[in-house]
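Engineer: Next come a sequence and a model predicted from it.
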Amino acid sequence: MPVVRPAAGAIARRLPRGGRDNETNHTLKHFIFVLTGAGVSADSGIVTFRGAGGLWEGYKIEDVATPMAWKRDPALVWRFYQMRRAQLPAVQPNDAHRALARLEIEVRASGHGFALVTQNVDNLHERAGSRPVHMHGELARFLCEQCGLSHGDLTDFRTDAFRPCPKCKFPRVRPDIVWFGEVPYRMDFISEALASTTIFISIGTSGAVDPAAGFLKEARSRGARTIVHSLDEPGNLSSRDEFLPGNASEVVPRLVDDLLRSLS
Ligand code: APR
């Protein structure tokens, strides 16, 4: 599958939400950076992106996940994302999401730094108790291209009716998803966190999409311990990484137990 890399400066849009940048404290003993991808939610029943013959739930990515697709056929793109939004209430966090929430709480409580950055647009990390940075946006939010308002809403899953912006009344908000060719959210925070990272953990991502695919290499080159878990070996794996194969809901709880033991 062709991977469209976000061009520098492409589609400058959206201010970062929240204010967690002050959490990167260089004086902490450890800074744990967790990057998750579709594999962490696979055991909850959400299909991953790659693997099914290059199709994503039967759709070509370029037909549904690019700004051009939204311009060309907004009805198709809207239907696709509305169907994915409608799945959210029906799926539950699994043991991997829960273990990562526990890791975040216990790591912070013991005075270390922590960041959970997810490429996933589902809401399973937060429902398990984590505070993730959604670098690729969120299915549970909409974005107005007219006034820039991003707002959360998980009601009304109709596939045949666009929604107006609640602020400026523009007739058609878009999913608040970072599409191919767009710049992911919170890159400043992510760069700062990577600079502090002593333990980098990659979970359930194929390492195929930049810039997230490059975080592992960056952490490695800065001397961090690098732990990679996935069902299959991701493309960005190096012999220097500790690779833990298997299903996330089984492997991640064990990994978290081991980490917490080693930090205490
Ligand atoms: N447990 C752990 N890992 C799993 C499981 C599982 N049960 N099932 C699949 N995996 C692994 C696969 O081996 C693969 O490495 O999850 C990874 C899923 O890879 P992708 O489908 O490519 O998903 P991801 O890496 O998150 O995609 C990155 O690409 O399409 C874009 O923006 C979209 O955020 C997405 C980005």
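Structural biologist: Looks like it came in fine. Residues are numbered from 1 along each chain as shown.
Engineer: May I have stretch 109-116 as CSV, with CA atoms only?
Structural biologist: The C-alpha trace of stretch 109-116 is given here as CSV (Å, rounded to 0.1, in the frame of the first residue of the first chain):
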residue,chain,number,x,y,z
ALA,A,109,2.6,8.4,41.0
SER,A,110,6.3,7.3,41.4
GLY,A,111,7.5,10.6,39.9
HIS,A,112,8.6,9.5,36.5
GLY,A,113,7.4,11.1,33.3
PHE,A,114,4.9,9.5,31.0
ALA,A,115,3.3,10.1,27.6
LEU,A,116,0.8,7.9,25.7
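Engineer: Helices of this protein, start to end?
Structural biologist: Counting by DSSP state H, the chain has these helices, from start to end: 39-42, 61-64, 67-72, 74-87, 95-109, 124-128, 187-196, 215-221, 248-263.
Engineer: Make CSV from these and add distance to Q146 to it.
Structural biologist: C-beta: built from backbone N, CA, C; applies to glycine. CSV is the format used below for the helices of the chain (distance: least, CB to CB, whole Å):
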stretch, distance to Q146
helix 39-42, 32
helix 61-64, 22
helix 67-72, 14
helix 74-87, 14
helix 95-109, 35
helix 124-128, 28
helix 187-196, 24
helix 215-221, 33
helix 248-263, 39
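Engineer: Out of those, flag the one nearest the ligand.
Structural biologist: helix 39-42 (2.5 Å; CB to the nearest ligand atom).
Engineer: The closest one and the ligand in contact?
Structural biologist: Yes. Using CB under 6 Å from any ligand atom, we find that helix 39-42 touches the ligand at 39, 42.
Engineer: Can you give the contact residues for that helix?
Structural biologist: Outside helix 39-42, the residues within contact range by CB atoms under 8 Å, 6 or more residues apart in numbering are 48, 91, 94, 96-97, 100, 118, 120, 122, 124-125, 203-205, 229-231, 247-248, 252.
Engineer: Could you rerun that using 10 Å?
Structural biologist: Outside of helix 39-42, the residues within contact range by CB atoms under 10 Å, 6 or more residues apart in numbering are 34, 46-49, 91, 93-94, 96-97, 99-100, 118-125, 202-206, 229-232, 234, 247-249, 251-252.
Engineer: Show me what from the stretch 101-250 of the chain comes close to the ligand.
Structural biologist: That would be 119, 136, 204-206, 208-209, 230-232, 234, 247-248, which are the residues of the stretch 101-250 of the chain within reach of the ligand (CB under 6 Å from any ligand atom).
Engineer: right, and the pair among those residues with maximum separation?
Structural biologist: Every pair in these was compared (CB to CB); the two farthest apart turn out to be H136 and N247, at 22.6 Å.
Engineer: Same drill for those two, tell me which one is more crowded.
Structural biologist: The residue with more neighbours, out of H136 and N247 and counting by other CB atoms under 10 Å, is H136; that gives 20 against 17.
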